[in-house]
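Asks: Below are the sequence and a predicted model; questions follow.
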Amino acid sequence: MVKNKKLSIKANLEAIQLENASFSYQLFDINNNNLNNKFQKWHYHPEIELVYINNGKGKRQVGLNLSNYQEGDLVMIGSNVPHTGFTDYFDIDRKEVVIQFGANFLGNSLEKVIEFKNINKLFELSKKGLFFSGETKKTIGISMLGLQYETPIQRILTLIKILNDLSLSKDVTILNSDNFDSENIEENERIKKVFNYIKLNYKEEVSLNKVSELVFMTPPSFCRYFKSKTNKTFTTFLNEYRINNALRLLAQSKLDIKNICFQCGYNNFSHFNRLFKNQIRMTPSEYRKKMDSQGS
């Protein structure tokens, strides 16, 4: 019997090219939007990544956290944390900056110099994925965009200041639970396999028995394991994933709400409405009206 190739998808290791520099700096916009250079699939790398998107709505997937952003984004992704690309299109008002660097991009200085103590703590915390909001997102975003005009030595100094400012910021949200382990790639393979299965099959019926078999566990054992890794039940995680996709379709498409319900794996419209309101605190139609008013 031929096995379903979908079930074997794993996070890919992205090889970061630093090109004789201490860190990688990439700017993507309507004039420089070669998406082939962006790693859109589920992937990880040893380098820490800082991503700024100046405008627009979208979806972020960092570790086991799936969430939406509404007015641009500023995210720090730690070493070996699996994630997907953030922006899949650009317009005249939308830019994305991606900075990637090793934790030792200044040699051993970060560990030895006391003034870098907070930056070291930031790097450790980033292994859970970090989202920055408010004034921090605005000021750091301007600095990241401005790096394109600076000399190599100015870029290093600016990056250090950016990292120090982030380490002191109060506008930070941790995206993954305390027991999320970004370093143990092999242990996380089971969770990544489940995540990818949901990503590919969420529009259809997703059976707990099927998912448990996928990772060679009994359903009760799998439920305990999944809850220990994500702090969520499997059903909660699946519903959050589906509702997050519904949010995207409500904001970015003209599909009617019943169609969106079926597109996201629900065959009961009342059940979809109830789950949506429980998670988003408004009905799908209220959410669409809100997004339409913000875009007008």
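Replies: All right, it came through fine.
Asks: For the stretch 151-296 of the chain, which segments count as helices?
Replies: Under the criterion DSSP state H, counting those that start in this stretch, the stretch 151-296 of the chain contains helices at 152-168, 185-201, 208-214, 219-230, 234-252, 257-263, 269-280, 284-295.
Asks: Export the ones you listed as a markdown table, with columns for mean neighbour count, mean pLDDT and distance to Glu111.
Replies: C-beta coordinates here come from the backbone N, C-alpha and C atoms, glycine included. Listed next are these as a markdown table, based on neighbours: other CB atoms under 10 Å; pLDDT from 0 to 100; distance: least, CB to CB, whole Å:
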| stretch | mean neighbour count | mean pLDDT | distance to Glu111 |
| --- | --- | --- | --- |
| helix 152-168 | 16 | 95 | 14 |
| helix 185-201 | 17 | 76 | 23 |
| helix 208-214 | 16 | 92 | 41 |
| helix 219-230 | 16 | 88 | 30 |
| helix 234-252 | 19 | 87 | 37 |
| helix 257-263 | 17 | 94 | 49 |
| helix 269-280 | 16 | 92 | 42 |
| helix 284-295 | 14 | 80 | 45 |
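Asks: can I assume Ser24 is in contact with Val97?
Replies: No: in this structure, Ser24 is not within contact of Val97 by CB atoms under 8 Å, at 11.0 Å.
Asks: Would you list the phi and psi of Asn65?
Replies: phi -100, psi 130 (degrees, to the nearest 10).
Asks: how many other residues sit next to it?
Replies: Summarising burial for Asn65: neighbours were counted as other CB atoms under 10 Å, giving 20.
Asks: which ones are touching the closest residue to it other than its chain neighbours?
Replies: Closest residue in space to Asn65, ignoring its immediate chain neighbours: Leu175 at 4.0 Å, by CB to CB, 6 or more residues apart in numbering. The neighbourhood of Leu175, defined by CB atoms under 8 Å, 6 or more residues apart in numbering, consists of 60, 62-63, 65, 67, 75, 128-131.
Asks: if you set the cut-off to 10 Å instead, what comes out?
Replies: 60-67, 75-77, 81, 83, 126, 128-131 (CB atoms under 10 Å, 6 or more residues apart in numbering).
Asks: Equivalent analysis for Tyr202, please.
Replies: Neighbours of Tyr202 in contact, by CB under 10 Å, 6+ apart: 238-239, 241-242, 244-245, 263-265.
Asks: Let me know the closest of these to Pro284.
Replies: Minimum distance to Pro284 across the contacts of Tyr202 is 10.3 Å, recorded for Cys264 (CB to CB).
Asks: was I right about the closest one contacting Glu240?
Replies: No: look at Cys264 against Glu240 with CB atoms under 10 Å: they stay out of range, at 11.3 Å.
Asks: what is in contact with those two at once?
Replies: Common neighbours of Cys264 and Glu240 (CB under 10 Å, 6+ apart) are Leu275.
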